[in-house]
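Asker: build me a structure from this.
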Amino acid sequence: MKVKNMTFKEGQEFKVRIKPDGDSDSFAINIGHDPENIAMHFNPRFDCNGETNTIVFNSLSGGHWGDEHREGNFPFVRGEECKFHINFNNEQFYIKLPDGSMMNFPNRLGDVKYKYFNVSGAARIVGIKIK
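Answerer: Take a look at the predicted model:
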């Protein structure tokens, strides 16, 4: 699912409610400028590519992926709705996970405004809000 005509700026909070499918292997949330320039690729993997219960972060610049960053904290459950919050500045993305823990990921594109938002994989968006 792509969201159009939405701008996410430095200092704003992006709230996402999502429900992974009951048999989900993984889902991904992408924030950036377009499909070839993604500042934050957030990819919780239940069981995908030989990885179990891992969150993978990455960025895509000019169609080329950067180095993956992995997190072991995994507060997602198949079939259960969850909510998390994202905010950022020109250096970092800050992600508050459903269990209240915090993660961060470098803002490798270094911009303070993004207009591209995409969700892929086996999950559906329940709600999104920027404030």
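Asker: flag the shaky bits of the chain, pLDDT-wise.
Answerer: Scanning the chain for pLDDT under 70 picks out the ranges 1-5.
Asker: what about the strands in it?
Answerer: 2-3, 8-9, 14-20, 27-34, 37-48, 51-61, 64-65, 69-71, 82-88, 92-96, 102-106, 113-114, 116-121, 123-130 (DSSP state E).
Asker: next one: the residue lying farthest from the centre of the chain from residue 25, what distance?
Answerer: Distance to the chain centre peaks in the chain at residue 50, reaching 20.3 Å (criterion: C-alpha atoms, centre = their mean). Counting by C-beta to C-beta, to the nearest Å, the gap from residue 50 to residue 25 is 11 Å. Quick note: C-beta positions are derived from backbone N, CA and C, even for glycine.
Asker: and residue 9, by the same measure?
Answerer: Taking C-beta to C-beta, one finds residue 9 at 33 Å from residue 25.
Asker: same deal with residue 78?
Answerer: Remark: distance between residue 78 and residue 25 (C-beta to C-beta) = 9 Å.
Asker: if I look at the two, which residues touch both of them?
Answerer: Contact criterion C-beta atoms under 8 Å, 6 or more residues apart in numbering; residues bridging residue 78 and residue 25 by contacting each: residue 46.
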